[in-house]
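> after the sequence you'll find the predicted model.
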Amino acid sequence: MKNFTFLALLCCCLTAAGQPATRLRCDYLVHPLGIDNPHPRLSWQYTSMPANAHIQVYRSGQLLWDTTTTNNTITYNGPALQPFTEYQWKVNGTTAAFETGMMDRHNWQGDWISDHHPISYKPAPLFRKTFNNTKTIASARAYIAAGGLYELHINGHKIGNHLLDPMYTRFDRRTLYVTYDVTRDLQAGPNTIGVILGNGWYNHQSTAVWFFDKAPWRNRPTFCLDLRITFTDGSSTVISTGKDWKTSTGEIVFNSIYTGEHHDLRLQQPGWDLPAFNDSAWHNVILRSAPSGNIVAQAMAPITADTVIQPISMHRFSDTNYVFDLGRNIAGVSRITLNGPAGTVVKLKHAEQLYPNGHADISNIDVHYRPTDDTDPFQTDIYILDGKGPHTFSPAFNYKGFQYVEVTSSRPIALTKESLQGVFMHSNVAPTGSFESSDTLLNKILAATNNSYLSNLYGYPTDCPQREKNGWTGDAHIASETGLYNFDGITVYEKWLNDHLDEQQPNGVLPSIIPTGGWGYEWGNGPDWTSTIAIIPWNLYLFYGDTTALARCYPAMKRYVDQLTARSPDGLCPWGLGDWVPVKSVTPVLFTSTAYYFTDVTILAKTAKLLGYGEDYRHYSQLAAFIKDAFNRKFLDPQSGIYDKGFQTEQSVALHWNLVPDSLRSKVAAALAARVKADGLKLDVGLLGTKTILNALSDNGYVDLAYQLATSDKEPSWGWWIKNGATTLYENWPINAKSDLSRNHIMFGEIGAWAYRTLAGIKPDETAPGFSHILFSPKFPNGLNSVSCTYQSLYGPVTIDWKRKGKDILLTVGLPVNTTARVTLNKEIELRQAGKHTIVIKAGNAELLR
């Protein structure tokens with residue numbers, strides 16, 4: 001039936017302009033400390049509709065900026081922000097705050113310090129300084145930057161709940177610092193600052209195929225700290241790192257972000273971070289140069305502990321050998337309480353699977369590890385007891401991917417199921433989505449997808465939390481919409497895009513893993529993988545309505561696309577990795593890379609128009625048309641609607657990325673559907689095909705087929721994994737593949753976005769991004785009886801609920817304040833008022849009830 005527009009003209013009762021706002025955020029963070037952005041982005045929500053928003057920014061009670069807007073966001077454009085300053089801001093009377101940090105690297109007063117050991121030295125260094133305070137403190141902030149990882153201690157306890165700070169960057173081009181409010185941690189009289197440094201990716205002592213041990217930045221960990229104290233009498237002081245600090249080592253005798261952490265409790269220095277400790281045997285520090293000249297605030301969601309997981313079972317092989325099962329696969333660490341004689345060596349091997357005899361099996365994840373000896377076992381923590389227990393151990397500078405922990409000890413120890421816990425860790429991105437349906441298997445698949453997404457978010461998106469921990473670009477752009485529907489991930493993605501800018505070569509080439517110590521510029525990159533530089537900024541624009549990432553990345557996008565063009569004079573791009581780990585059919589790299597080349601050029605053209613670069617818009621629009629024509633001349637048979645050999649990846653990639661001529665879409669879609677049926681209603685795609693197969697079918701009249709593929713429990717499928725016990729997504733379709741079998745991979749995670757986009761039908765509108773105008777176009781496949789979905793947009797919750805009632809479907813959608821929507825069913829219904837709207841669908845005809 002031909003679509004037509006039915007306008008639901010609903011009265012919208014506007015309240016006064018003073019309607020209070022909620023959920024006030026600055027640069028997508030709540031009350032951030034230590035931001036460096038001179039023009040922070042302010043955002044908020046409403047519970048009812050105001051005439052406009054009245055924004056005011058104050059400093060110490062003085063009004064600095066006063067403006068209005070009809071939007072839910074605005075960029076600060078008042079007087080220049082000053083460093084180390086708290087600013088209050090109001091929206092219609094509701095107050096929030098943000099606080100600036102250094103703002104400029106020249107405002108640092110501390111020296112970069114380290115100890116005197118070489119990069120090969122294994123024990124983690126400790127640092128301390130004691131100072132005396134004789135005044136009443138009004139506020140205190142600690143600013144700390146590091147090459148490596150750190151824990152900050154004051155007066156005997158760790159500061160904050162962050163883990164693995166600072167986030168991984170290209171250390172010689174960007175160094176991050178973190179700000180802490182330590183007002184309540186200081187005291188009258190003597191105070192001691194303590195810092196433990198870990199290697200992280202800065203001093204990679206473990207050896208693997210990516211050569212991080214040969215990274216150009218590699219050095220012994222180092223840090224710089226300024227503690228700025230303001231007193232109630234108005235005076236202030238700064239306690240900084242310098243040659244008056246002392247250093248030693250303690251119980252952490254080895255740490256590797258990649259393999260594990262080793263502690264020897266006999267070397268512990270109790271009270272090392274307290275004023276009364278005698279540090280006369282400690283050594284002087286040495287001064288170091290900063291890892292880079294670009295020291296900037298870490299303005300993003302930190303890594304924190306999410307969930308503490310109790311094992312579902314413990315198997316005791318002997319009094320020196322136990323295996324714990326958490327019942328689910330996680331990324332994070334184990335926490336164990338041990339007691340035993342001094343010198344007892346306890347090893348904890350972390351695995352995703354077991355051998356038939358019940359012991360931990362890491363053969364699926366240690367294949368790229370290249371140890372030089374047996375002192376650094378993979379995914380293994382080692383604890384040497386001091387006989388003074390019990391002690392509770394957990395790594396400070398490592399994380400792993402695992403479900404099982406095998407404990408072995410050199411002497412008998414007594415363990416119970418309660419002795420060990422798993423700690424699920426990830427970047428602390430707030431949930432934004434929830435999806436429930438009548439299909440239990442689908443719900444489990446989507447839960448596993450979210451578990452894998454979070455397991456692979458550690459300040460940058462990774463491929464897996466065990467074998468590699470690499471920022472594979474292809475995995476990340478494929479899963480980016482799944483991530484953005486489910487989690488508020490913009491701060492992590494913006495940071496990672498900065499990593500892209502740091503890694504891009506002058507000729508536009510990007511590596512396949514980001515960050516990198518040099519590996520990936522000559523293998524695995526190409527448009528099918530490194531399209532991240534275009535796709536992710538564009539997705540951030542669609543989901544948040546924010547052009548910041550597009551504008552920041554625009555020059556890099558141009559260099560990247562121009563490099564592709566230089567390699568593709570005929571419009572066909574031969575450079576790339578291809579449809580990784582397909583079921584059986586192999587799509588040519590020329591096909592998929594040209595499709596992504598076209599996609600990147602299309603995004604670049606749209607971005608040029610958006611940012612006002614008219615000549616670029618015309619040039620890249622013409623280039624996109626040239627690529628599309630070359631692609632179709634090369635691969636499309638217009639008579640049959642078949643691309644190349646007609647594989648599922650080929651047909652669906654052409655449809656999803658809009659390479660198919662409009663007049664042939666139905667024919668190409670029919671050929672895709674026929675191929676799926678000929679393949680026995682089974683998937684035959686790799687990584688790139690999983691992005692497109694469900695979407696291409698659903699968007700072109702074959703949602704029943706897409707739903708059958710998505711919810712199949714026959715091999716190969718997502719459901720097959722779940723049926724065989726998976727709680728996360730796998731790297732390969734065969735559950736016992738000989739290689740490439742991480743059991744916690746996000747690269748097949750597009751199914752999560754498909755559920756929101758298709759079954760719930762919630763989509764951003766490119767012409768009114770950020771969900772200021774919402775597109776609802778739910779589809780109702782046979783066999784699915786209900787869906788309930790919420791997406792927490794920048795404006796507030798977007799909701800949809802539908803369920804079958806006999807032969808009818810009852811549909812209710814919800815709009816947040818200050819938004820409009822279009823519901824596309826057999827006709828288009830425009831919604832102009834916030835709140836709930838109910839539609840009944842009878843015999844395929846939609847009718848708005850209220």
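Structure's in. What do you need?
> doesn't residue 63 belong to a strand?
Yes. Assessed by DSSP: H, G, I helix; E, B strand; the rest coil, residue 63 belongs to a strand.
> is it true that residue 547 touches residue 610?
Yes. Applying CB atoms under 8 Å, one finds residue 547 in contact with residue 610, separated by 6.5 Å. C-betas here are computed from N, CA, C, even on glycine.
> pull up the overlap in contacts between those two.
Taking CB atoms under 8 Å, 6 or more residues apart in numbering as the criterion, residue 547 and residue 610 both touch residue 541.
> give me phi/psi at the most centrally placed residue in the chain?
The residue lying closest to the centre of the chain (CA atoms, centre = their mean) is residue 457, at 3.9 Å. The phi/psi pair for residue 457 (degrees, to the nearest 10) reads phi -130, psi 100.
> let me see the ranges of the strands in the stretch 501-650 of the chain.
For the stretch 501-650 of the chain, strands defined by DSSP state E, counting those that start in this stretch occupy the ranges 636-637, 642-643.
> those: which one's closest to residue 627?
strand 636-637 (13.3 Å; CB to CB).
> what residues does the closest one touch?
The contact list for strand 636-637 (CB under 8 Å, 6+ apart) reads 642-643, 654, 660-661, 664, 668.
> redo that, cut-off 6 Å
residue 643 (CB atoms under 6 Å, 6 or more residues apart in numbering).
> and stretch 834-844, by the same measure?
Applying CB under 6 Å, 6+ apart, the contact partners of stretch 834-844 are 808-815, 817, 826, 831, 846-850.
> so which of the strands of the stretch 501-650 of the chain comes closest to residue 366?
strand 642-643 (39.6 Å).
> packing partners for the closest one?
If you count contacts as 3 or more CB pairs under 6 Å, 6 or more residues apart in numbering; DSSP states H and E, strand 642-643 packs onto helix 648-656.
> helices or strands next to whichever helix or strand comes after the helix it packs on in the packing?
Per DSSP states H and E, the first helix or strand lying C-terminal to helix 648-656 is helix 665-678. Contacts defined by 3+ CB pairs under 6 Å, 6+ apart place helix 665-678 against helix 648-656.
> apply 7 Å and report the result again.
Packed against helix 665-678 by the contact rule (3 or more CB pairs under 7 Å, 6 or more residues apart in numbering; DSSP states H and E) you find helix 648-656, helix 687-698, helix 703-711.
> possible to save those as TSV with mean neighbour count?
As requested, the helices and strands packed on helix 665-678 are exported to TSV (neighbours: other CB atoms under 10 Å):
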stretch	mean neighbour count
helix 648-656	28
helix 687-698	27
helix 703-711	22
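> returning to what we had before: need the strands of the stretch 501-650 of the chain in TSV with distance to residue 75, can you?
Formatted as TSV, these follow (distance: least, CB to CB, whole Å):
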stretch	distance to residue 75
strand 636-637	45
strand 642-643	44
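> wait, residue 532 touches residue 475, no?
No. In this structure, residue 532 is not within contact of residue 475 by CB atoms under 7 Å, at 9.7 Å.
> report the buried members of the contacts of stretch 834-844.
Among these, those buried by neighbour count (16 or more other CB atoms under 10 Å) are 809, 811-815, 817, 831, 846, 848.
> any stretches of the stretch 401-550 of the chain with poor pLDDT?
Counting by pLDDT under 70, the stretch 401-550 of the chain has no low-confidence residues at all.
> would you map the helices across it?
440-455, 473-486, 490-503, 527-530, 532-544, 548-567 (DSSP state H, counting those that start in this stretch).
> residue 614 is nearest to which of these?
Short answer: helix 548-567, nearest of the helices of the stretch 401-550 of the chain by CB to CB, at 13.9 Å.
> give me the buried positions along the closest one.
Buried-residue list, helix 548-567, by 16+ other CB under 10 Å: 548-550, 552-554, 556-561, 563-565, 567.
> between helix 490-503 and that helix, find me the angle.
40 degrees (axes from the mean of the first three to the mean of the last three CA atoms, to 10 degrees).
> for helix 548-567, C-alpha coordinates in PDB please.
Below are the C-alpha coordinates for helix 548-567, written out as PDB (Å, rounded to 0.1, in the frame of the first residue of the first chain):
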ATOM      1  CA  THR A 548      32.100  17.800  17.600                       C
ATOM      2  CA  ALA A 549      33.600  14.500  16.500                       C
ATOM      3  CA  LEU A 550      32.800  15.100  12.900                       C
ATOM      4  CA  ALA A 551      34.400  18.500  12.900                       C
ATOM      5  CA  ARG A 552      37.500  17.300  14.800                       C
ATOM      6  CA  CYS A 553      37.900  14.300  12.500                       C
ATOM      7  CA  TYR A 554      37.100  16.000   9.200                       C
ATOM      8  CA  PRO A 555      40.700  16.700   8.100                       C
ATOM      9  CA  ALA A 556      41.700  13.100   9.000                       C
ATOM     10  CA  MET A 557      38.600  11.800   7.100                       C
ATOM     11  CA  LYS A 558      39.700  13.700   4.100                       C
ATOM     12  CA  ARG A 559      43.200  12.500   4.200                       C
ATOM     13  CA  TYR A 560      42.000   8.900   4.600                       C
ATOM     14  CA  VAL A 561      39.500   9.100   1.800                       C
ATOM     15  CA  ASP A 562      42.100  10.800  -0.500                       C
ATOM     16  CA  GLN A 563      44.500   7.900   0.300                       C
ATOM     17  CA  LEU A 564      41.700   5.400  -0.700                       C
ATOM     18  CA  THR A 565      41.100   7.300  -3.900                       C
ATOM     19  CA  ALA A 566      44.800   7.300  -4.800                       C
ATOM     20  CA  ARG A 567      44.700   3.500  -4.500                       C
END
